[in-house]
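*Asks:* Model the following, please.
(chains A and B)
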Protein chains: 2
Amino acid sequence: MLTLTFLGTSSGVPTKSRNVSGLALQTSLSKKWLLIDAGEATQHRLQHTGLSPHDMAVVCITHAHGDHCYGLPGLLASASMGKRTEPLTLIAPQNVLDWFGATLQLTDLHLSYEVILRDSNSVLEQPVELMDGVWVQAYALVHRVECYAYAFTVQHSSRKLNTTALQQVGLPAGRDWKALQYGQDIEFNGQILHSHDFVQNHTTQVKAVIAGDNAQPNVLAQACQNADVLVHEATYLQAVLDKVGPGPMHSSAKLVAEFAQSVDLPNLVLTHFSPRHHGEAGQAEILQEVKDYYGGTVFLADDFKRYRLSETGVLQEVNELTGQKKER
Amino acid sequence: MLTLTFLGTSSGVPTKSRNVSGLALQTSLSKKWLLIDAGEATQHRLQHTGLSPHDMAVVCITHAHGDHCYGLPGLLASASMGKRTEPLTLIAPQNVLDWFGATLQLTDLHLSYEVILRDSNSVLEQPVELMDGVWVQAYALVHRVECYAYAFTVQHSSRKLNTTALQQVGLPAGRDWKALQYGQDIEFNGQILHSHDFVQNHTTQVKAVIAGDNAQPNVLAQACQNADVLVHEATYLQAVLDKVGPGPMHSSAKLVAEFAQSVDLPNLVLTHFSPRHHGEAGQAEILQEVKDYYGGTVFLADDFKRYRLSETGVLQEVNELTGQKKER
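*Replies:* Residues are numbered from 1 along each chain as shown, chains lettered A, B, ... in the order given. Okay, the predicted model is just below:
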């Protein structure tokens, strides 16, 4: 129903194994996909995922810090050099939109397609349909600059035919069944058969909340109502956050875990790790700290890791991409 | 005397094997090095070279197109997060300096060190000493936007002691020899021995011209006087340039080769290849086209290739970097 591919999972600076922030979101509804944040070299990462910049319908930027947006102009420029024509929607805080505008002007960037600019504020706490069946809402976070989480709701409707009832009426399978399924009433044996009597509309919906940098996970309580998964930064272990102090305005694994537990969140994916926690031992410590405070399903994201959320809200890691290289 | 490390050799867009433009210049005078152009992901490439952003003294940007400058803010931000304190000199066309300023402001980028901004025009055709023994001059090129080549002159002076003469005088080797070598006159056997009678100042100088995008190599005639090496784009084969037309304002291998031959240039390095010429066959065609028109030493650059220019002006490829990955 929803697939998350991590393109960068490092906080602040890229390392040899992890790039700065970027996350691709695919739905089962179409081949169009969405990008949340575009740290430098996001386009380089995409070359190893099978995701084409031509099918990228929407880019949402959480905030203006470079590790979340410096890859945007190059990615859009490359799509243009590849002769993209489809319009693209860019949702971002106003200063990111201003920076994008300044970049177009000062670096002589002329795109071959339209970029529809939307201030994140225009989708603040109100759902807006981005493409058929995909809705977005922004939620304000607590960080050094204006910063947002984006909640994505994906709705899939199917029309299920009551074949048992049709067999009882004696209508032979074929064109008439299809007609009924797609809303048309038909005449059979001098009787009108109404579509709505033989069709059940079945709607499934999943919701994923993708947060930018944030010092206070509990501001996401409303966003996480009925959410199936939250992707949130866990820049530090709590002990490191205590040492660093509140200045950078990031979260510890513990803070996020406590919040996720408090709102009964079923699935949690942590990302945006400080380079000091990139090693195996560091990741094990982060995982332990989360599990100490949170009983749901948890994953620590890594570059090129891919997770799939089912219609029933089950989150599972799917195979890592083939053909990719961990090191750049 | 001078070492060139290529960080990106693709025109316009990065591919899996070649990044967009970036070139590191090291001298034998100090560990400080210079960067010419900073396409997106230049900082990622540097992680595989052993070159520290902390020792990067100067960045020269040839022009405002993204494949030559979109990696600048991230590189400087990462050096700042690594707590760099040394000032850095940025030489670039005014619109790049403006874009850098807009980026600082709109993306909340606060660097831990001073960036000294110099419009490329301020070093136009007049040598300016950037650091001890390293001089730069800019030369205007012909491209879609204001664009420059940078000529770097590296001077190394040594004081050679005439030991035969000193032995004839009878002065014993030791402290007095050193004193003479470093300019001090001394008394020996009631006689004044003058430093200048026993010391030969020996100055060696090499000159490298690194050009940005350019449709007319012959505008570099003055820049290439006494140059030991020219690094120039060869985006296309001549046949492809003929087909593409003059719009992009790039050079063919043939155009550059003819120019290099006309000014008796001893060494030529070509770079900035269109992705259509990245394969082995494409590179062989480019090389053949150059050799058809140019009789000097020629190299086709590739990412992570390293070339060393000796005191006597001999250019040689040195071992590729160890531990690097061709694919990102």
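
*Asks:* Quick check: buried residues in stretch A:199-209?
*Replies:* Neighbour counts over stretch A:199-209 (16 or more other CB atoms under 10 Å in any protein chain shown) mark A:199, A:205-209 as buried. Heads up, the C-betas are built off the backbone N, CA and C, glycines and all.

*Asks:* Select from these every entry located in strands.
*Replies:* Judged by DSSP state E, these include A:199, A:205-209 as members of strands.

*Asks:* Those into TSV, with extra columns for pLDDT?
*Replies:* Converted to TSV, those look like this (pLDDT from 0 to 100):
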residue	pLDDT
A:Val199	93
A:Gln205	95
A:Val206	97
A:Lys207	98
A:Ala208	98
A:Val209	98
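
*Asks:* Identify each of the strands in the stretch 151-300 of chain A and give its residue range.
*Replies:* Along the stretch 151-300 of chain A, counting by DSSP state E, counting those that start in this stretch, strands occupy A:186-188, A:191-193, A:199-211, A:229-233, A:267-271, A:297-300.

*Asks:* A:Glu304 against A:Thr9, yeah?
*Replies:* Just to correct that, residue A:304 is Phe rather than Glu. No - counting by CB atoms under 8 Å, A:Phe304 stays clear of A:Thr9, with 9.4 Å between them.

*Asks:* Compare the two (neighbour count), which wins?
*Replies:* Taking A:Phe304 and A:Thr9 together and counting by other CB atoms under 10 Å in any protein chain shown, A:Thr9 has the greater number of neighbours (27 against 21).

*Asks:* That one is in contact with A:Ala301, isn't it?
*Replies:* Yes - contact criterion CB under 8 Å: A:Thr9 and A:Ala301 qualify, at 4.8 Å.

*Asks:* Mutual contacts of these two, please.
*Replies:* A:Thr271 (CB atoms under 8 Å, 6 or more residues apart in numbering or on different chains).

*Asks:* mind checking which of the strands of the stretch 151-300 of chain A is nearest chain B?
*Replies:* In this view, the strands of the stretch 151-300 of chain A are compared for proximity to chain B by CB to the nearest CB, and strand A:229-233 is the closest at 16.1 Å.

*Asks:* Give me the angle between the closest one and strand A:199-211.
*Replies:* Calculated by axes from the mean of the first three to the mean of the last three CA atoms, to 10 degrees, strand A:229-233 forms an angle of 10 degrees with strand A:199-211.

*Asks:* For strand A:229-233, give the mean pLDDT please.
*Replies:* In this model, strand A:229-233 carries a mean pLDDT of 98.

*Asks:* The stretch 101-250 of chain A: helices as residue ranges?
*Replies:* Here the stretch 101-250 of chain A has its helices, by DSSP state H, counting those that start in this stretch, at A:163-169, A:175-181, A:195-198, A:238-244.

*Asks:* Is it possible to get CSV of the ones you listed that adds mean pLDDT?
*Replies:* Shown next, in CSV, are the helices of the stretch 101-250 of chain A (pLDDT from 0 to 100):
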stretch, mean pLDDT
helix A:163-169, 93
helix A:175-181, 93
helix A:195-198, 93
helix A:238-244, 97
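
*Asks:* now for the ones you listed, which one comes closest to chain B?
*Replies:* That would be, of the helices of the stretch 101-250 of chain A and by CB to the nearest CB, helix A:238-244, which comes in at 12.9 Å.

*Asks:* May I see the buried residues of the closest one?
*Replies:* Here helix A:238-244 shows A:238, A:240-241 as buried, counting by 16+ other CB under 10 Å.

*Asks:* re the thing from before, could you export the strands of the stretch 151-300 of chain A as JSON lines, including distance to chain B?
*Replies:* Listed next are the strands of the stretch 151-300 of chain A as JSON lines, based on distance: least, CB to the nearest CB, whole Å:
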{"stretch": "strand A:186-188", "distance to chain B": "55"}
{"stretch": "strand A:191-193", "distance to chain B": "57"}
{"stretch": "strand A:199-211", "distance to chain B": "18"}
{"stretch": "strand A:229-233", "distance to chain B": "16"}
{"stretch": "strand A:267-271", "distance to chain B": "18"}
{"stretch": "strand A:297-300", "distance to chain B": "22"}
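
*Asks:* Throw those into JSON lines and include distance to B:Glu233, thanks.
*Replies:* Shown next, in JSON lines, are those (distance: least, CB to CB, whole Å):
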{"stretch": "strand A:186-188", "distance to B:Glu233": "68"}
{"stretch": "strand A:191-193", "distance to B:Glu233": "71"}
{"stretch": "strand A:199-211", "distance to B:Glu233": "40"}
{"stretch": "strand A:229-233", "distance to B:Glu233": "41"}
{"stretch": "strand A:267-271", "distance to B:Glu233": "39"}
{"stretch": "strand A:297-300", "distance to B:Glu233": "43"}
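
*Asks:* can you list the residues of the stretch 51-200 of chain A near chain B?
*Replies:* A:64-67, A:69-71, A:73-74, A:77-78, A:81-82, A:95-96, A:98-99, A:102-103, A:106-109, A:144-145 (CB under 8 Å from any CB of the partner chain).
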